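Visitor: fold the following.
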Amino acid sequence: MKKLIPPHLRLRLRVLFTFVKDLLSFRYFSFVKKNSPSVSFPRQISMSQPIRKNDYSENKKHNLQLAIQKIENLEISPQQIFSYWHLIPQPTPQNGFKKGRNLVGNKLDVDYGGGLCQLSGIMYYLVLEAGLEVLERHPHSLDIYTEENRYTPMGSDATVVYGHKDLRFLNCFNFPISFQFEILEKEIIMHLCAEESIVKCALEFFIEKKENGKWVKVTREKNGIKENSSDNFYKNLH
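Guide: All right, here's what the predicted structure looks like:
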């Protein structure tokens, strides 16, 4: 039955199903809206990652700028939910996105929206460090990096696929927060901003090698209490 439904229709049905599920759970009404106030808070926690030069690096920077325009300086009030795909449109050429490197169907390929997973990955890392409550996050299925070219420790990634995999977190602080960004020639920098100071949580990464991949457990120490943030398996690329 699944094969009889065209892919674009399956995607629409999945997006509709998620929308209805969020409505029924009343979660939808807590989402940060696209017309939320624009604010300018002091920078509290920052992180940078390289933008490596390749055939698609300029397209990546273009896609990053498009996504950033939708979320930069957007006020995230206490008890509001940030949903990546609720704010960033589907990465299609009609929405202005260009092709770039993506992990598609468990292999590296080229598709529209290349670079958006790097953005969500940086955001997830800052969310962990800040002690915010992660509601939805998905790891990559494959480990496509070596220790020499890895952006962040294995286990701190967050893949996003429109209509399938979202990144969501709850602002559990009693004050609003926001994000700011800098896209440089060879670097992207993200800042988590707030009027009140935010103390970084200590993160620990435990890696257990297996025959065809690695198990990675991530813990976070928040307010003196250690908690398990994630426990995921990554297959080797080769």
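Visitor: neighbouring strands for the longest strand along the chain, and are they parallel or not?
Guide: With secondary structure taken from DSSP state E, the chain has its longest strand at strand 225-236. Based on DSSP bridges, the strands next to strand 225-236 in the sheet, each with its direction, are strand 142-143 (parallel), strand 213-222 (antiparallel).
Visitor: what pLDDT, on average, does the last one get?
Guide: By that I understand strand 213-222. Averaged across strand 213-222, the pLDDT comes to 96.
Visitor: and if you look at the first one?
Guide: Computed over strand 142-143, the mean pLDDT rounds to 86.
Visitor: with only the CA atoms kept, save stretch 12-19 in PDB.
Guide: Extracted in PDB, the C-alpha atoms of stretch 12-19 (Å, rounded to 0.1, in the frame of the first residue of the first chain):
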ATOM      1  CA  ARG A  12       2.000  15.700   3.000                       C
ATOM      2  CA  LEU A  13       0.100  13.000   4.900                       C
ATOM      3  CA  ARG A  14       3.000  12.700   7.400                       C
ATOM      4  CA  VAL A  15       3.100  16.500   7.900                       C
ATOM      5  CA  LEU A  16      -0.700  16.500   8.400                       C
ATOM      6  CA  PHE A  17      -0.500  13.600  10.900                       C
ATOM      7  CA  THR A  18       2.100  15.400  12.900                       C
ATOM      8  CA  PHE A  19       0.100  18.600  12.900                       C
END
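Visitor: pull the residues that contact it.
Guide: Contact with stretch 12-19 is made by 5, 28, 162-164, 166, as judged by CB atoms under 8 Å, 6 or more residues apart in numbering. (Glycine included, C-beta is placed from N, CA and C.)
Visitor: from the residues you listed, which would you call buried?
Guide: Neighbour-count burial (16 or more other CB atoms under 10 Å) is assigned, among the contacts of stretch 12-19, to 28, 162-163, 166.
Visitor: show me the strands in the chain, by range?
Guide: Remark: strands assigned in the chain by DSSP E are 43-50, 81-83, 99-104, 107-112, 133-136, 142-143, 168-170, 177-183, 187-194, 202-210, 213-222, 225-236.
Visitor: hmm, residue 232 and residue 139 touching each other?
Guide: Yes: in this structure residue 139 lies within contact range of residue 232 using CB atoms under 8 Å: 4.3 Å.
Visitor: what is in contact with these two at once?
Guide: Counting by CB under 8 Å, 6+ apart, the common neighbours of residue 139 and residue 232 are residue 155.
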